[in-house]
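1. sequence and predicted structure below; questions after.
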Amino acid sequence: MKKNIWSFKLSTAALVLIPAGVAINYVGQTLAQALKLPLWLDSIGTVISAFLAGPIVGALVGAINNIIYGLTQNPIMFVYAITQIGIGLVAGLLMKSGFIKNIGRAIVSGLALGLTAVLISTPLNIIFWAGTTGNVWGDTVFAAVRSQHLPVWVASIADEIVVDMPDKIVVAIIAYLIFKGLPKTLTSMYDANKVETFDETDA
């Protein structure tokens, strides 16, 4: 019986991957903020981890990243762990399904990750930030939409789309290129691409 991707029994390789993925997320987010980029870059580690070790590990990396960021930077980031969990789950499932086979499909996967982020984060933005994201580029769009007397939720969705869709495309491309560049000896340690099947010899 091959490994069930929903299993919480993590291998040693997966346990080592988690802090590495969290560190990549943290550095990416800090860099994006320092350079005032129109991107978050806070889920590269989440997606790489999901590509390698599956949705559970990806979700754990994303959640832990936001917990640490909430403790060290901004307490409200705790609630956005939900978004990171969603990204990790979707990325892991896309890789597990065998969908991500080339750069073109990585871009499509980025769109799926972006949509996931928009759907989860928009309600959180409305609850905690009056609809804004805190990203200067996205919030400029928010202000422009609101100036047209459109509802907050419309402006908030536009704000999220402007930031999250390109961000997740970039993240997916970077994660895919890193994944493809890793040596086979490393990727073979993980079971993210293996489908759970029943071997008659196990009966």
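-> Looks like it arrived, so ask away.

2. just the helices in the chain please.
-> Assigned by DSSP state H, the helices in the chain fall at 12-34, 44-53, 55-72, 81-96, 103-129, 136-146, 152-181, 184-187.

3. run the chain-centre distance for the fifth one.
-> Offset of helix 103-129 from its chain centre (Cα atoms, centre = their mean, to the nearest Å): 9 Å.

4. what sits against the residue nearest the centre of the chain?
-> Using Cα atoms, centre = their mean, the residue of the chain that lies closest to the mean C-alpha position is I87, 3.7 Å off. I87 makes contacts with 43, 46-47, 50, 58, 62, 113, 116-117, 168, as judged by Cβ atoms under 8 Å, 6 or more residues apart in numbering. Any C-beta I mention is one placed from the backbone N, CA and C, and that applies to glycine too.

5. any chance of the residues you listed in CSV with neighbour count and distance to Q29 as columns?
-> Below are those laid out as CSV (neighbours: other Cβ atoms under 10 Å; distance: Cβ to Cβ, whole Å):
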residue, neighbour count, distance to Q29
S43, 33, 9
T46, 36, 11
V47, 35, 13
A50, 33, 17
G58, 35, 16
G62, 31, 12
L113, 28, 16
T116, 20, 18
A117, 26, 14
K168, 29, 14
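
6. show me which of these is closest to W129.
-> A117 (14.8 Å; Cβ to Cβ).

7. on that earlier part again, which among the helices of the chain is found nearest to W6?
-> In terms of Cβ to Cβ, the element of these nearest to W6 is helix 55-72, at 6.4 Å.

8. for Y26, list the residues it contacts.
-> Residues in contact with Y26, defined by Cβ under 8 Å, 6+ apart, are 42, 45, 65, 68-69.

9. recalculate using a threshold of 7 Å.
-> Shown in contact with Y26 (Cβ atoms under 7 Å, 6 or more residues apart in numbering): 65, 68-69.

10. in a markdown table: the residues you listed, plus pLDDT and distance to Q148.
-> Formatted as a markdown table, the entries for those read as follows, by pLDDT from 0 to 100; distance: Cβ to Cβ, whole Å:
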| residue | pLDDT | distance to Q148 |
| --- | --- | --- |
| N65 | 92 | 35 |
| I68 | 91 | 39 |
| Y69 | 86 | 33 |
